[in-house]
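1. After the sequence you'll find the predicted model.
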Amino acid sequence: MSYWISQSVDGAPLPKATHAEGLYVYGEDGQCYIDSTGGPGLFSLGHGHPEVTAAVKDQLDRMAYGFSMTFTTDVVEELSEKVVTAAGADHFGGVFYSSSGSEANEHALKAALQYHLANGEPERTRFIGRRLSWHGATLGVLDVGHHPWRRSLYEDQLGRASHVSAPMLYRPPEGVAPEDLARHYADELDAEIGRVGAAHVAAFIFEPIGGGTGGILPPPAGYAQAMRAVCDEHGVLMIADEIFCGVGRSGKWRALEHEDVQPDIMTIAKGLSGGYMPLSACVLSRAVRETIDGAYGNLEAARTYSGHTAACAAGRAVLGIIERDGLVEKVARDGIYLKERLDRTLGQDDAVGDIRGCGLMWGIELVKDRDTKEPFEPALQVWKRYRDAALENGMLSYQGGAIIDGERGDYALLTPAYTATRDELDEIVDKVALSIRRSVESARAAA
């Protein structure tokens, strides 16, 4: 009997992994799997990078952890400088560390509340998020996010946040022309702020490029600028959740760089330490930090593992390698290559409705009818069939469903490590294509 409460595959025990190297993970049965998604979009440098493991070991030998309310250390200060410099030191001015994306987003909500308290607007306590979004599993960010199934178990504890539409280029609102999409979504946010009451809204929180919950949702041109303008008009802070899409994943260090937009608060994790240690950060603009510091002296959020020294050593090493090896630029180039390869391999498949994304974050939406965009029936669980086929084909995958209306819509994601070679990208595309075709064939036979 296992006493560890873990995930399972349809009630069956998970297979055991024994070791990993680069993009490959090995099971105890000797099976080798290529990791097409870097875990959950996590492993920016792949597995077993010797420089990162050496940096963590060295820090553990020196001092594993210095309580952040008692000590600062060179490693924490140096990592903070790297984060702010990469994000833009002309705008950003403070970094607060924690151990997970959920915590970072919780701290972002707290920072927004504390900012408005410091400004003499204590009534600004409401948040607006987006549908088809995911900001974490703790109750505060579960409320601002909108993953219907994950929320369903806790609905009686939620309800203070409200939500607007996530941008969908493949399934746009009826009657809205492509060139009008950004304005349409901005008008929706403006109307929701008006409904709640502008004087009561603390912040708008969103993923600049939607992640797993929406099957990767790149925004229409001008979206971030239009949303920024609405927030500014009403004194509402903009929180950019870049847990998934940040630290180079999109081909820019910050995903909002694609539109030259700066948020008031930004959260990062995943690629920050690349899976080598649990680490996330809430990054404050200079204006937000100075306002909070002026009234309270600091952000009231510190807890035991805030700024864990060895975790920050991993982050410092990872960011140093990303910068030294030009990996953000490599991700941008590889994104172009990967899109061309996906289009060439899967672009004509009847069940492939849309291939969307940028950098090394791509989503493939699977449909029953390509012409009408009709999805498969949820009961067929195409996404699970894809997962099973991928494992049989020696590939670790990331997939899901319910991206259209909370019930329908199957997708597969590709978010490999930044260090992937072109040969490895080719292998991933070939195995994704094979797995999609087998899962669709199986689903159609069962329909």
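-> Ah, there it is. Residues are numbered from 1 along each chain as shown.
2. least trustworthy helix or strand in this structure by mean pLDDT?
-> Every helix and strand of the chain was ranked by mean pLDDT, DSSP states H and E. The lowest is helix 148-152, at a mean of 81.
3. Please tell me how far the nearest residue to A332 once chain neighbours are set aside sits from G335.
-> With sequence-adjacent residues excluded and distances taken as Cβ to Cβ, 6 or more residues apart in numbering, A332 is closest to G251, at 3.4 Å. Heads up, the C-betas are built off the backbone N, CA and C, glycines and all. G251 is 5 Å from G335, where distance means Cβ to Cβ, to the nearest Å.
4. Which neighbours do these two have in common?
-> Shared between the contact lists of G251 and G335 (criterion: Cβ atoms under 8 Å, 6 or more residues apart in numbering) are residues 358-360.
5. show me where the stretch 51-200 of the chain has helices.
-> 74-87, 101-118, 139-144, 148-152, 181-196 (DSSP state H, counting those that start in this stretch).
6. Out of those helices, which gets nearest to P40?
-> The stretch from those with the least distance to P40 (Cβ to Cβ) is helix 101-118; that distance is 9.8 Å.
7. who's in contact with the closest one?
-> 96, 98, 122, 124-125, 127, 135-138, 140-141, 144, 202-203, 205, 237, 239, 241, 243, 264-265, 267-270, 280-282, 284, 288, 291-292, 294-296, 299-301.
8. just to revisit the earlier point, who has more neighbours, G251 and G335?
-> More neighbours sit around G251 than around the other of G251 and G335, counting by other Cβ atoms under 10 Å; the figures are 23 against 19.
9. For the more buried one, I want the exact helix or strand it lies within.
-> When secondary structure is defined by DSSP states H and E, G251 falls outside every helix and strand.
10. Over to Y26?
-> Counting by DSSP H and E, the element that carries Y26 is strand 24-27.
11. for that strand, packing partners?
-> The elements that strand 24-27 packs onto, with contact taken as 3 or more Cβ pairs under 8 Å, 6 or more residues apart in numbering; DSSP states H and E, are strand 17-21, strand 32-35.
12. Provide the strand pairings for the longest one, with the direction of each partner.
-> Sheet partners assigned to strand 17-21 using DSSP bridges are listed as strand 24-27 (antiparallel).
13. What are the buried residues along the strand it pairs with?
-> By neighbour count, with 16 or more other Cβ atoms under 10 Å as the criterion, the buried positions of strand 24-27 are 24-25.
14. can you list contacts of stretch 313-325?
-> Applying Cβ under 8 Å, 6+ apart, the set of residues contacting stretch 313-325 is 44-45, 49, 51-52, 54-56, 58-59, 75, 78-79, 82-83, 86, 247-248, 271-274, 276-277, 279, 327-328, 418.
15. Out of the residues you listed, which end up buried?
-> Those of those that meet the buried threshold are 44-45, 49, 52, 55-56, 59, 75, 78-79, 82-83, 86, 247-248, 271-274, 276-277, 279, 327-328, 418, by 16+ other Cβ under 10 Å.
16. ok, back up a step: deepest in the core, which of the helices of the stretch 51-200 of the chain is it.
-> With neighbours defined by mean count of other Cβ atoms under 10 Å, none of the helices of the stretch 51-200 of the chain is more surrounded on average than helix 101-118, at a mean of 24.
17. Pull that helix out as CSV, backbone CA atoms only.
-> What follows is helix 101-118 as a C-alpha-only set of coordinates in CSV (Å, rounded to 0.1, in the frame of the first residue of the first chain):
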residue,chain,number,x,y,z
GLY,A,101,2.7,30.0,-8.8
SER,A,102,-0.3,29.8,-6.6
GLU,A,103,1.5,31.6,-3.8
ALA,A,104,3.0,34.2,-6.1
ASN,A,105,-0.5,35.1,-7.4
GLU,A,106,-1.9,35.2,-3.9
HIS,A,107,0.9,37.7,-3.1
ALA,A,108,-0.1,39.7,-6.2
LEU,A,109,-3.6,40.0,-4.9
LYS,A,110,-2.4,41.0,-1.5
ALA,A,111,-0.1,43.6,-3.0
ALA,A,112,-3.0,45.1,-5.0
LEU,A,113,-5.1,45.3,-1.8
GLN,A,114,-2.2,46.7,0.2
TYR,A,115,-1.5,49.3,-2.5
HIS,A,116,-5.1,50.6,-2.5
LEU,A,117,-5.1,50.7,1.3
ALA,A,118,-2.0,52.8,1.2
